[in-house]
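Asker: Pasting a predicted model and its sequence here:
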Amino acid sequence: MKKSAANNILQFIKFGIVGVMNTLVDFLVFTLLTLLFGGMRDSIFLTGVFTLIAYACGVLNSFLLNSRWTFRQEYRRTKQEKYMFVLVNAVSWLVSFFFVWLFSNHVFPNSSLTEFTYNLLGYTEVEQYEKVVSILSKLFSAPIVIIVNFLGTKLFVFNGNKNEGIE
């Protein structure tokens, strides 16, 4: 295996580890908001707010870990990297928002998985059913967002330019 291919695989593994931590933070914040304030089916506003707050919680950690560990050991970040990082994460959030909304409104209402989860948790109220729909929608949108974010980060943020960074 060539060195660059091995390096890409190692970067993907590191990115995955960081991504798991960020995804857990994102998912836990989203779940907490959903449990406290209710499901969001049919509310594009709540979908946007909940996904934005939750997604933003993992972004700073992601930037620090990926810039120092995944893509570079010691490196001063350039202004362009910072701007591209924000842009890639804005696109990733939009992807999250879209798929959470799509799944909440068209995939998980009345699905077997939702029924199973709802019954497994011993829920009996309609509001609780809506929360299960929202949480499953967030959970199943995560792999799509991870792929989009990795590709954007790899191709546009930390793309191997070795220029001297500016803080």
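Answerer: Happy to help now that I have it.

Asker: chain center to the helix or strand that contains Ile9: distance?
Answerer: Here Ile9, judged by DSSP states H and E, is contained in helix 3-37. Centre-to-centre, helix 3-37 and its host chain are 7 Å apart (C-alpha atoms, centre = their mean, to the nearest Å).

Asker: Apart from its neighbours in sequence, what residue is nearest Gln128?
Answerer: In space, and not counting its chain neighbours, Gln128 is closest to Tyr118: 6.9 Å by C-beta to C-beta, 6 or more residues apart in numbering. Where you see a C-beta, it was placed from the backbone N, CA and C, and this is true even at glycine.

Asker: residues of the host helix or strand of the one you found that come out buried?
Answerer: Assigned by DSSP H and E, Tyr118 falls within helix 112-120. By 16 or more other C-beta atoms under 10 Å, the buried positions in helix 112-120 come out as 114, 117-118.

Asker: next helix or strand past that helix?
Answerer: By DSSP H and E, the next helix or strand past helix 112-120 is helix 126-152.

Asker: by how many degrees do that following helix and helix 112-120 diverge?
Answerer: Here helix 126-152 points in a direction 130 degrees away from that of helix 112-120 (axes from the mean of the first three to the mean of the last three C-alpha atoms, to 10 degrees).

Asker: Helix 126-152: which residues count as buried?
Answerer: In helix 126-152, counting by 16+ other C-beta under 10 Å, buried: 128-142, 145-146, 148-150, 152.

Asker: What is that helix packed up against?
Answerer: Other helices and strands packing on helix 126-152, by 3 or more C-beta pairs under 8 Å, 6 or more residues apart in numbering; DSSP states H and E, are helix 3-37, helix 44-65, helix 79-102, helix 112-120.

Asker: now the angle from that helix to helix 44-65?
Answerer: If you take the same axes, to 10 degrees, helix 126-152 sits at 40 degrees to helix 44-65.

Asker: can you state the direction angle for helix 126-152 and helix 79-102?
Answerer: Using the same axes, to 10 degrees, the direction of helix 126-152 lies 150 degrees away from that of helix 79-102.

Asker: Average pLDDT for helix 126-152, rounded please.
Answerer: For helix 126-152, the mean per-residue pLDDT is 92.

Asker: how distant is that helix from the center of its chain?
Answerer: The mean C-alpha position of helix 126-152 is separated from the chain mean by 9 Å, C-alpha atoms, centre = their mean.

Asker: what do you get for stretch 95-114?
Answerer: Going by C-alpha atoms, centre = their mean, where stretch 95-114 is centred and where its chain is centred differ by 16 Å.
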